[in-house]
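Colleague: With the sequence up front, the predicted model follows.
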Amino acid sequence: MDKYKERLNIYVQKVFPVASTYTSYSYTDMNTAIENYNKEIKDYCGTKAELQFIDTTAGLVGDDGTLNDADSQGLHIGSAEGYQKW
C-alpha cells in the first residue's frame, strides 16, 4: 500500500446523529458520543494526507443536532428523498 500512498485517497464519512425518536439509549447522550467520535476521526484524518473527512449530513440534520429524516427506529435515514440528499 505504501507504494500507492501518493495516489491514494480514502474518504471517511461523518457518522450521522440519531433522531429524537431513538429509544435504545438516550438520544442526547448518543449524539454527544457521536459528535465526540466525529471530532476524533476528523482530527485524525487531518494528520494523514490520504484521508479525506467528508460531511454528508447537510440537509439531514436539524438545528437541534438530530437526524431529521429518520426511520421508525430513529437510527437510519428514513426516506428515498433522504438518501438522495445523502
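Modeller: Perfect, I can see it now.

Colleague: CA only for contacts and neighbour counts going forward, please
Modeller: Fine.

Colleague: who are the neighbours in contact with residue 82?
Modeller: By C-alpha atoms under 8 Å, 6 or more residues apart in numbering, the contact set of residue 82 is 60, 69.

Colleague: Quick check: the spatially most central residue of the chain vs residue 69, distance?
Modeller: Geometric centre of the chain, nearest residue: residue 15, 1.9 Å, by C-alpha atoms, centre = their mean. Using C-alpha to C-alpha, to the nearest Å, one gets 15 Å for the distance from residue 15 to residue 69.

Colleague: try residue 43
Modeller: For residue 43, the distance to residue 69 - C-alpha to C-alpha - is 27 Å.

Colleague: These two: which has the busier surroundings?
Modeller: residue 69 (22 against 12; other C-alpha atoms under 10 Å).

Colleague: Help me confirm that the more buried one comes into contact with residue 75.
Modeller: No - applying C-alpha atoms under 8 Å as the test, residue 69 and residue 75 come out as separate, 9.7 Å apart.

Colleague: Look up phi and psi at residue 40.
Modeller: When read as degrees, to the nearest 10, the backbone of residue 40 gives phi -60, psi -40.

Colleague: Low-confidence ranges, this protein, go.
Modeller: The model of the chain has pLDDT under 70 over residues 1-6.

Colleague: can you map out the strands along it?
Modeller: Per DSSP state E, the chain carries strands over the ranges 10-13, 51-54.

Colleague: Within the sheet, what are the partner strands of the first one, with directions?
Modeller: To tie it back to what came earlier, the one meant is strand 10-13. strand 51-54 (parallel) (DSSP bridges).
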